[in-house]
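Chemist: Quick one, what's the 3D model for this:
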Amino acid sequence: MEDCERIFRGTRLRVSTENIGLARHPEGLTLVRIGEPLRPEFAAWRYGDQFGRRRRKVGLYTAAGLGAAAAGGWVVGTVVAGSILMMLLIGTPWQQRRKVVEIPQDGRRTIVVRSMDVSTARLRLAEDGASLRLQVSDYSSLLGEQIWLEGEDARRVAGVILPAVNKAGGKKRTVADAVELIEAAGSPERLVTDLASANDFNMNDGSPGYIWKMPVPTRLALEMALHEEQERRALEGELWLLEQAWREAEEIAGIADDLLLPEGADDFVREHRQARARTGGRGENRGSARLSGRSE
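Modeler: Here you go, the predicted structure:
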């Protein structure tokens with residue numbers, strides 16, 4: 001049991017409802033967890049490793065620059081360190097033009113989003129108040145243009161863009177703050193909706209919703225929430241079947257318990273309760289005698 005629990009906590013493809021948890025290990029093992037969902041600290045542990053690796057990568061590049069500062073003089077080394085860090089966070093010209101995602105459109109051209117434009121992405125709520133809208137720069141043409149994606153396209157592309165925006169990762173405390181934001185919102189879906197509808201994260205022209213303008217914990221929380229949504233949608237069919245099976249098992253257990261009772265026990269309990277309600281409990285001893293007589 002301990003090994004199963006450890007594997008369940010360490011599995012990234014995981015989703016749960018109030019009573020059922022489902023996890024799928026990369027090697028093919030599927031685990032089902034019955035009971036209360038995992039506590040928030042496990043969510044922090046789950047994503048902390050991923051965000052921590054990104055942060056350590058930034059630290060290694062910074063350390064390389066500091067090493068150059070020690071070897072070649074402070075001024076030269078500082079320039080090298082700054083250049084290396086900027087290359088990591090912003091990217092080389094080749095990296096900036098690298099395609100992040102391509103979105104095929106029915107009967108139209110394929111939309112292309114490049115790495116250099118992830119910082120200009122805007123997340124807003126559609127007019128229906130439920131679906132998402134995402135503004136990105138489309139470079140399927142030579143000059144590029146600002147377009148809006150909606151619905152599932154917006155969610156999918158946002159999920160691809162966020163890791164590029166959050167390439168510097170975060171400390172354990174920052175990841176914990178991100179988890180607390182999701183907990184405070186009530187659910188990953190609610191957090192995404194709240195952020196998309198907020199009139200914050202503005203650029204200089206006052207237009208809201210720029211992902212790059214969000215605080216680091218908020219951006220990490222948004223990435224986590226979109227990832228959780230993707231997992232839920234991937235497994236929701238199996239999860240629904242498990243939930244139904246769990247409820248059926250509860251009903252079967254109740255039927256099995258009734259099979260152990262003598263015939264007429266349910267009728268007696270019902271009559272006994274009604275009698276107690278009428279007499280205010282004064283007929284309790286008489287009811288007990290009736291039960292003893294029937295048992296004989």
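
Chemist: Please save the CA atoms from stretch 123-141 in PDB.
Modeler: The C-alpha trace of stretch 123-141 is given here as PDB (Å, rounded to 0.1, in the frame of the first residue of the first chain):
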ATOM      1  CA  LEU A 123      -5.800  36.100 -21.800                       C
ATOM      2  CA  ARG A 124      -9.400  37.400 -21.600                       C
ATOM      3  CA  LEU A 125     -12.900  36.000 -21.000                       C
ATOM      4  CA  ALA A 126     -15.300  35.700 -24.000                       C
ATOM      5  CA  GLU A 127     -18.600  37.500 -24.100                       C
ATOM      6  CA  ASP A 128     -20.400  34.400 -23.000                       C
ATOM      7  CA  GLY A 129     -18.600  34.600 -19.600                       C
ATOM      8  CA  ALA A 130     -17.400  31.000 -19.800                       C
ATOM      9  CA  SER A 131     -15.000  30.400 -22.600                       C
ATOM     10  CA  LEU A 132     -11.500  31.900 -23.000                       C
ATOM     11  CA  ARG A 133     -10.000  34.200 -25.500                       C
ATOM     12  CA  LEU A 134      -6.200  34.400 -26.100                       C
ATOM     13  CA  GLN A 135      -4.600  37.100 -28.200                       C
ATOM     14  CA  VAL A 136      -1.300  36.000 -29.900                       C
ATOM     15  CA  SER A 137       0.900  37.100 -32.800                       C
ATOM     16  CA  ASP A 138       0.300  34.900 -35.800                       C
ATOM     17  CA  TYR A 139       3.400  34.600 -38.100                       C
ATOM     18  CA  SER A 140       1.900  32.300 -40.700                       C
ATOM     19  CA  SER A 141       2.300  35.400 -43.000                       C
END
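
Chemist: That one - what's its average pLDDT?
Modeler: In this model, stretch 123-141 carries a mean pLDDT of 83.

Chemist: Likewise for stretch 151-163?
Modeler: Mean predicted confidence for stretch 151-163 is 86.

Chemist: got the contact list for that stretch?
Modeler: Outside stretch 151-163, the residues that touch it by CB atoms under 8 Å, 6 or more residues apart in numbering are 100-101, 103, 113, 118, 121, 123, 126, 131-134, 136, 149, 211, 219, 222-223, 226-227, 229-230. Backbone N, C-alpha and C define where each C-beta goes, glycine included.

Chemist: mind listing what's buried in it?
Modeler: When neighbours are counted by 16 or more other CB atoms under 10 Å, the buried residues of stretch 151-163 are found to be 153-159, 161-163.

Chemist: Which of these fall within helices?
Modeler: Applying DSSP state H to the buried residues of stretch 151-163, the entries found in helices are 153-159, 161-163.

Chemist: can you map out the helices along the stretch 151-296 of the chain?
Modeler: 152-165, 172-185, 188-197, 216-259, 265-279, 284-295 (DSSP state H, counting those that start in this stretch).

Chemist: Can you mark which positions in the second one are buried?
Modeler: Going back to what we said before, that points to helix 172-185. For helix 172-185, the neighbour count (16+ other CB under 10 Å) marks 174-179, 181-182, 185 as buried.
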